[in-house]
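Undergrad: Predicted model and sequence follow; I will ask about them next.
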Amino acid sequence: MMPTPLRRLLIYSLLTQMLLLASFTVLLWQAEQAMDKTGIGNVEQWEYLNQLAGISLYGLALFWLATFVYTAWRGDLRTRQAQLTLGLPPLALIIS
């Protein structure tokens, strides 16, 4: 069974959001590793990685909001795929 264009778009949106969430988590972990427990570490690398993590977070928020607006505009918010695409990234962000 071929997925409909909306279903395909929601799948790609969910994959993109999960990749952005994974990059956000990894970048924050790497930034934490750049600093040691005393607070003396590679400050430039820490700042750079935190900025990249911020870009990932903003990208995640932008993709989530665009997906929400598009599915609301089409009136497809009650579909299972739309609820999964819109509900899973915030839940995963809270858990991570």
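TA: Happy to help now that I have it.
Undergrad: confidence score at the residue of the chain most remote from its centre?
TA: Computed with Cα atoms, centre = their mean, the residue of the chain farthest from its C-alpha average is Thr38, at 30.7 Å. What the model reports for Thr38 is a pLDDT of 71.
Undergrad: Centre of the chain to the longest helix that the chain contains, how far?
TA: Ordering each helix of the chain by length in residues (DSSP state H) puts helix 43-74 first. Put simply, helix 43-74 sits 6 Å off its chain's centre (Cα atoms, centre = their mean, to the nearest Å).
Undergrad: what's downstream of it, the next helix or strand?
TA: Proceeding N to C from helix 43-74, the next assigned helix or strand is helix 80-95, under DSSP states H and E.
Undergrad: just the CA coordinates of that following helix, formatted as PDB?
TA: Extracted in PDB, the C-alpha atoms of helix 80-95 (Å, rounded to 0.1, in the frame of the first residue of the first chain):
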ATOM      1  CA  ARG A  80      -3.000   8.600  14.100                       C
ATOM      2  CA  GLN A  81       0.100   9.500  12.100                       C
ATOM      3  CA  ALA A  82      -0.400  13.300  12.800                       C
ATOM      4  CA  GLN A  83      -0.800  12.700  16.500                       C
ATOM      5  CA  LEU A  84       2.300  10.500  16.500                       C
ATOM      6  CA  THR A  85       4.300  13.100  14.600                       C
ATOM      7  CA  LEU A  86       3.200  15.900  16.800                       C
ATOM      8  CA  GLY A  87       3.300  14.100  20.100                       C
ATOM      9  CA  LEU A  88       6.500  12.100  20.000                       C
ATOM     10  CA  PRO A  89       9.100  14.800  19.600                       C
ATOM     11  CA  PRO A  90       8.000  16.900  22.700                       C
ATOM     12  CA  LEU A  91       7.800  13.700  24.700                       C
ATOM     13  CA  ALA A  92      11.300  12.600  23.600                       C
ATOM     14  CA  LEU A  93      12.700  16.100  24.400                       C
ATOM     15  CA  ILE A  94      11.300  15.900  27.900                       C
ATOM     16  CA  ILE A  95      12.700  12.400  28.400                       C
END
